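J.: pasting the sequence and the predicted coordinates here, then a few questions.
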Amino acid sequence: MLRKLQQHFFDGLFGKQNDSPILELINDAGARSSAEQLAVYRDSVLGGLTKALAGIYPVCRRLVGERFFDAMAGRFIVQSPSCSPDLNDYGGELAEFIAGFPPAASLPYLPDVARLEWAWHRAFNSADRLGIDLQALAEIGEARREHILFRLAISATLMASSYPIHRIWEVNQDGYQGDGSVDLDEGGVKLIVWRHALTMHIDPIEEPEWRLLTELAQGRPFGRICERFSRYHPANDIGAVLAGAIQRGWIASFDLPPA
Amino acid sequence: MPRATKSVVHGMGGGPIQGVGIGLRTPHYGVIQHDKPPVPWFEVLIDNYLGKGGSPLTHLEQVCRDYPVTFHGVGMSLGSTDPLNMDYLKRLKQLVERFEPACVSDHLCWISVGGHYAHDLLPLPYVKQVVDHVAERIQRVQDFIGRRILVENVSSYLTYRPSVMEEWEFLCRVVGAADCDILLDINNIYVSARNHGFDPMDYLRAVPVARVREFHLAGYEDQGEYLLDTHGSVVHAPVWALYRKALAHFGPVPTLIEWDNNIPAFGVLQAEAAKAGAIMDEVCCRAA
């Protein structure tokens, strides 16, 4: 009985509103119909999830306006229910939804801005990883170096966009003082979004850095990365790129599989 | 009223709570850390701290160093027919073991079905089968986290045709069968009493005094045809009046001021807590 009631209740919240079987199970309350009583819960649930999405995606909301965003969120919520008791896990598919949402098609960069905001949200709540042990790294013999598995900061997301989304993000922050216009012809950008201690970072990265970081994010050993790197960037010194990435904090640890 | 000071609280871990606490909310982190205001305890919305690191946990560590805390969640989904979410309970258990809160509480409701979560407190039908179901889940939660929990009565906006008992009877039967404690939300009793036309005193008189470990107070919004539990304003006069009756009936139960929408400056919450504290002193000293 309870199972069926709860499924009907959810169907009544997210699905057909007027002929839901849950309405038959709700007592009359004076002048208020069972549909009106259920609507109190629908408004509360959708309102709560919309508020959560607005908190994760403030720049997207600013770009499209509150009314547009909230209406879009309402459609998204019905299509993509939350699957975790942790509300911080909710909303990661919004970028994909926006990409397929015709009313948002006039802002082609919006899905990538949403991806950037989700990466920020994940980094904000992610685990911390202690700094890399440089001493231990230096002590690895030359013959073993090709086996090293470097790891990105746990909080890090690598993302590429055809639009200057870091600039779009920046000029839409509260209190931004400079010129608020962004030239979309400025071109694309490659970014690493991550957190160091309590400080959030959105760092643009160059092609050689992107090559190194994406290769190691795929779990390739350093030797294999060197081969591939030299193929794509024969003029660049991978040692210098690696040292820079470690120094910036993007690479936060390493493993050395047993010989 | 007892006032915790930093020196007293250090090392207390899960020490007992007394007096009127305040619900910890993000906009107040700064003032709490900077001013260390004299608040006897804070209630933590523990579902906001399930992440593995970063700013939320850092703030939680700081608050737990300086004050006794209680943990309050919505994620247990005690009334759901889904299996208990063990990932959630494992994370909760880690946080409980790490920070040793004075109480761990969740709600007498359900929030999920078919693996999907509403993140909202949905009402249960009050029937014997559901009493057994919820009580068994509470027992399993208590066994797993190794602690007694408090369950809180929720505000509701509808009742079900299949229900065969009043809400307070349902609550009493569940906590008796599960052997857990009660977090009695005075505002929620008032809101539901108005929405469903019962006498809130019938509710108070039915609840077993020994199990009530905490009260909640918050503000509702009058929607005309019904009251909505928004936690978005000061506590309203009829709820203060009911709080007096609850104190006279249950004694000086630790009380929490909750505020979740349009969160004001911390001083507004302190003023509400001071008001509750004065009522507690007046009612409970007069009774003694």
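T.: Arrived safely, thanks for sending.

J.: and residue B:256, what element?
T.: Using DSSP states H and E, residue B:256 sits in strand B:255-257.

J.: report the rounded mean pLDDT for whichever strand or helix holds residue B:171.
T.: Assignment of secondary structure by DSSP H and E places residue B:171 within helix B:167-178. Averaged over helix B:167-178, pLDDT sits at 98.

J.: mind giving me the packing neighbours of it?
T.: Counting contacts by 3 or more Cβ pairs under 8 Å, 6 or more residues apart in numbering or on different chains; DSSP states H and E, helix B:167-178 packs against helix B:128-145, strand B:150-152, strand B:181-185, helix B:200-206. In this view, the C-beta of every residue, glycine as well, is placed from N, C-alpha and C.

J.: neighbouring contacts of it?
T.: For helix B:167-178, contacts defined as Cβ atoms under 8 Å, 6 or more residues apart in numbering or on different chains pick out B:108, B:124, B:126, B:128, B:130-132, B:134-136, B:138-139, B:142, B:151, B:153, B:156, B:165, B:181-182, B:192, B:196, B:198, B:202-203, B:206-208, B:211.

J.: then stretch A:35-54?
T.: By Cβ under 8 Å, 6+ apart, the list of residues contacting stretch A:35-54 from outside reads A:9, A:12-13, A:17-18, A:20, A:22-23, A:26, A:29, A:61, A:66, A:69-70, A:73-74, A:76-77, A:82, A:87, A:90-91, A:94, B:118-120, B:122, B:157-158, B:226, B:228.

J.: show me what counts as buried in that stretch.
T.: A:35, A:37-42, A:44-46, A:48-50, A:52-54 (16 or more other Cβ atoms under 10 Å in any protein chain shown).

J.: burial count for residue A:218?
T.: Residues lying near residue A:218 (other Cβ atoms under 10 Å in any protein chain shown) number 9.

J.: no wait, residue B:34
T.: Neighbours of residue B:34 (other Cβ under 10 Å): 8.

J.: show me the shaky parts of chain B.
T.: Across chain B, residues meeting the criterion (pLDDT under 70) sit at B:1-15, B:286-288.

J.: show me the strands in it, by range?
T.: Listed in chain order, the strands of chain B (DSSP state E) span B:20-23, B:42-45, B:69-72, B:104-107, B:110-113, B:116-122, B:150-152, B:181-185, B:212-217, B:221-222, B:227-228, B:255-257.

J.: can you put the ones you listed in CSV and add distance to residue B:32 and mean neighbour count?
T.: Compiled in CSV, those are given as follows (distance: least, Cβ to Cβ, whole Å; neighbours: other Cβ atoms under 10 Å in any protein chain shown):
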stretch, distance to residue B:32, mean neighbour count
strand B:20-23, 9, 24
strand B:42-45, 8, 22
strand B:69-72, 12, 25
strand B:104-107, 21, 24
strand B:110-113, 29, 24
strand B:116-122, 26, 22
strand B:150-152, 24, 24
strand B:181-185, 23, 24
strand B:212-217, 20, 23
strand B:221-222, 27, 13
strand B:227-228, 29, 18
strand B:255-257, 14, 25
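
J.: reformat those strands as a markdown table; add distance to chain A.
T.: As requested, the strands of chain B are arranged in a markdown table below (distance: least, Cβ to the nearest Cβ, whole Å):
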| stretch | distance to chain A |
| --- | --- |
| strand B:20-23 | 17 |
| strand B:42-45 | 10 |
| strand B:69-72 | 14 |
| strand B:104-107 | 10 |
| strand B:110-113 | 4 |
| strand B:116-122 | 4 |
| strand B:150-152 | 16 |
| strand B:181-185 | 16 |
| strand B:212-217 | 18 |
| strand B:221-222 | 11 |
| strand B:227-228 | 7 |
| strand B:255-257 | 21 |
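
J.: got those as JSON lines, with distance to residue A:239 columns?
T.: Converted to JSON lines, these look like this (distance: least, Cβ to Cβ, whole Å):
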{"stretch": "strand B:20-23", "distance to residue A:239": "53"}
{"stretch": "strand B:42-45", "distance to residue A:239": "47"}
{"stretch": "strand B:69-72", "distance to residue A:239": "49"}
{"stretch": "strand B:104-107", "distance to residue A:239": "52"}
{"stretch": "strand B:110-113", "distance to residue A:239": "51"}
{"stretch": "strand B:116-122", "distance to residue A:239": "48"}
{"stretch": "strand B:150-152", "distance to residue A:239": "59"}
{"stretch": "strand B:181-185", "distance to residue A:239": "60"}
{"stretch": "strand B:212-217", "distance to residue A:239": "60"}
{"stretch": "strand B:221-222", "distance to residue A:239": "63"}
{"stretch": "strand B:227-228", "distance to residue A:239": "63"}
{"stretch": "strand B:255-257", "distance to residue A:239": "58"}
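
J.: not counting residues beside it along the chain, what's closest to residue 232?
T.: Let's take chain A. residue A:211 (5.4 Å; Cβ to Cβ, 6 or more residues apart in numbering or on different chains).

J.: that was the other one, I meant chain B.
T.: Residue B:232 sits nearest to residue B:261 (Cβ to Cβ, 6+ apart), 3.5 Å away.

J.: try residue B:85
T.: According to Cβ to Cβ, 6+ apart, the nearest residue to residue B:85 is residue A:85 (5.6 Å).

J.: is it true that that neighbour lies in a helix?
T.: No - read with DSSP: H, G, I helix; E, B strand; the rest coil, residue A:85 is coil and lies in no helix.

J.: how much space separates it from residue B:111?
T.: As defined by Cβ to Cβ, to the nearest Å, residue A:85 lies at a distance of 7 Å from residue B:111.

J.: need the residues touching each of the two.
T.: By Cβ under 8 Å, 6+ apart, the residues touching both residue A:85 and residue B:111 are B:74, B:75, B:77, B:117, B:119.

J.: of those, just say which sits nearest to residue A:227.
T.: Lowest distance from residue A:227 to those (Cβ to Cβ) belongs to residue B:117, with 46.2 Å.

J.: can you pull the contacts of the closest one?
T.: Residue B:117 neighbours (Cβ under 8 Å, 6+ apart): A:81, A:82, A:83, A:84, A:85, A:90, B:77, B:111.

J.: and the nearest residue to residue B:115 once chain neighbours are set aside, what's its pLDDT?
T.: Using Cβ to Cβ, 6+ apart and skipping the chain neighbours, the partner closest in space to residue B:115 is residue A:83 (5.8 Å). You'll see residue A:83 listed with a pLDDT of 97.

J.: tell me if I'm right that residue A:83 and residue B:113 touch.
T.: No - with contact defined as Cβ atoms under 8 Å, residue A:83 does not count as touching residue B:113 (11.8 Å).

J.: what ranges does the stretch 1-150 of chain A have for its strands?
T.: A:149-152 (DSSP state E, counting those that start in this stretch).

J.: where does pLDDT dip in it?
T.: For the stretch 1-150 of chain A (pLDDT under 70), the answer is A:16-18.

J.: swap in 80 and give it another go.
T.: Within the stretch 1-150 of chain A, the stretches with pLDDT under 80 are A:15-19, A:129-131.
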